[in-house]
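Asks: how does the following fold in three dimensions:
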Amino acid sequence: MQSTALLVLAATGRIDYPVFLFANVGADSEEPATLSYLERYAKPYAATHGIALHELHRIRRDGSTETLYGRLTRPQSRSLPIPVRMSSGAPGTRSCTADFKIKIMGRWLKAHGASPTTPARVGIGISLDEIHRVNNRRAMPYEQPVYPLLDHQPPLRRTDCERIIAAAGLPVPGNSACWFCPLHRRMYWAELRRDRPDMFERSCQLEDLLNERRARLGRDPVWLTARNRPLRTLDAAQETLPGFEPDADDGSCDNGACFT
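Replies: Sure thing, here's the model as predicted:
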């Protein structure tokens, strides 16, 4: 949503950003609607207005592409790069954003001249209603993060982003995230089970796979929600209303590389 609003602002000359980056964690990992929107709307719109929109991937040394889902499901893998919920309910260590978003974009920036002495000005799509995600201390040495939606006068909220996108004749996109991300709210899982049961079942199977491996290693189970029980046992009828979820994480990624 916010990144697409920035694309429209750049295309209409209201901000000066000739290059946009999208780090794709994998066609098997990203929310399918995000990838569809990228191909059907974002890329053609950017091209029409002379903006370079680069889709980046994690490339191994042998030239093959690694995906986040592929890393999670690789035979004999012990890697848990996503912030699964531990037995205590707390999220585990997350390396997915760093490995599949930040580092990938960093490589591109450095390959195109960014350095500690000449840092790239990187506009991050964080709106006023999520200002708590701003944290300059996490900036990489080769970048200078700025927040065009916050610097706008007046600062722009999510609803403003919706208006800007619609005024450009584009459909308003949904949130971007991996479909199996443990930072999703419970309402997401309820809607996924209702609207896309096949993808919900894939999420359940991924959780099962991770716990089968942990059981063989003698470790406690992990979960894709903070309810500390298998995803498939959650009762959709008991899901709380959006905004009233005491244990919900807002999916915050204060470097702005994910969930924007």
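Asks: how far away is the closest residue to residue 131 other than its chain neighbours from residue 2?
Replies: Closest residue to residue 131 in three dimensions, ignoring its sequence neighbours and counting by C-beta to C-beta, 6 or more residues apart in numbering: residue 150, at 6.7 Å. From N, CA and C alone the C-beta is placed, and that goes for glycine too. Using C-beta to C-beta, to the nearest Å, one obtains 10 Å as the distance from residue 150 to residue 2.
Asks: more neighbours: these two, which one.
Replies: Summary of the neighbour comparison: residue 150 and residue 2, criterion other C-beta atoms under 10 Å, with residue 2 having more neighbours (28 against 15).
Asks: residues in contact with that one?
Replies: Contacts for residue 2 were tallied using C-beta atoms under 8 Å, 6 or more residues apart in numbering; they are 125-127, 149, 158, 161, 260.
Asks: CSV please, covering those residues and showing pLDDT, secondary structure and neighbour count.
Replies: Listed next are those as CSV, based on pLDDT from 0 to 100; DSSP: H, G, I helix; E, B strand; the rest coil; neighbours: other C-beta atoms under 10 Å:
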residue, pLDDT, secondary structure, neighbour count
125, 94, coil, 21
126, 94, coil, 25
127, 95, coil, 23
149, 97, helix, 28
158, 95, helix, 15
161, 97, helix, 24
260, 47, coil, 22
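Asks: would you confirm that residue 37 contacts residue 175?
Replies: No - between residue 37 and residue 175 no contact is recorded; they are 11.1 Å apart, counting by C-beta atoms under 8 Å.
Asks: more neighbours: the two, which one.
Replies: Neighbours around residue 37 and residue 175, counted as other C-beta under 10 Å, are more numerous at residue 37. The numbers are 19 against 15.
Asks: remind me, longest helix of the protein?
Replies: Ranked by residue count under DSSP state H, the longest helix found in the chain is helix 197-216.
Asks: take stretch 36-53, keep the C-alpha atoms, and write them as PDB.
Replies: Extracted as PDB, the C-alpha positions of stretch 36-53 are listed here (Å, rounded to 0.1, in the frame of the first residue of the first chain):
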ATOM      1  CA  SER A  36       0.200 -10.500  -9.300                       C
ATOM      2  CA  TYR A  37      -0.200  -6.800  -8.500                       C
ATOM      3  CA  LEU A  38       3.500  -6.300  -9.200                       C
ATOM      4  CA  GLU A  39       3.200  -7.800 -12.700                       C
ATOM      5  CA  ARG A  40      -0.300  -6.500 -13.700                       C
ATOM      6  CA  TYR A  41      -0.100  -3.000 -12.300                       C
ATOM      7  CA  ALA A  42       3.100  -1.800 -10.600                       C
ATOM      8  CA  LYS A  43       5.600  -2.700 -13.300                       C
ATOM      9  CA  PRO A  44       3.600  -1.400 -16.200                       C
ATOM     10  CA  TYR A  45       2.700   1.800 -14.300                       C
ATOM     11  CA  ALA A  46       6.400   2.400 -13.400                       C
ATOM     12  CA  ALA A  47       7.500   1.800 -17.000                       C
ATOM     13  CA  THR A  48       4.900   4.100 -18.400                       C
ATOM     14  CA  HIS A  49       6.200   6.900 -16.200                       C
ATOM     15  CA  GLY A  50       9.900   6.300 -16.700                       C
ATOM     16  CA  ILE A  51      10.600   4.800 -13.300                       C
ATOM     17  CA  ALA A  52      13.000   1.800 -13.000                       C
ATOM     18  CA  LEU A  53      11.300  -0.900 -10.900                       C
END
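Asks: can you point out the buried residues in stretch 150-163?
Replies: 152, 156-157, 160-161 (16 or more other C-beta atoms under 10 Å).
Asks: got phi/psi on residue 223?
Replies: Main-chain torsions, residue 223, degrees, to the nearest 10: phi -140, psi 160.
Asks: count of neighbours near it?
Replies: The tally of other residues near residue 223 (other C-beta under 10 Å) stands at 20.
Asks: quick one: residues contacting it.
Replies: If a contact means C-beta under 8 Å, 6+ apart, then residue 223 has 84-85, 182, 207, 229-231 as its contacts.
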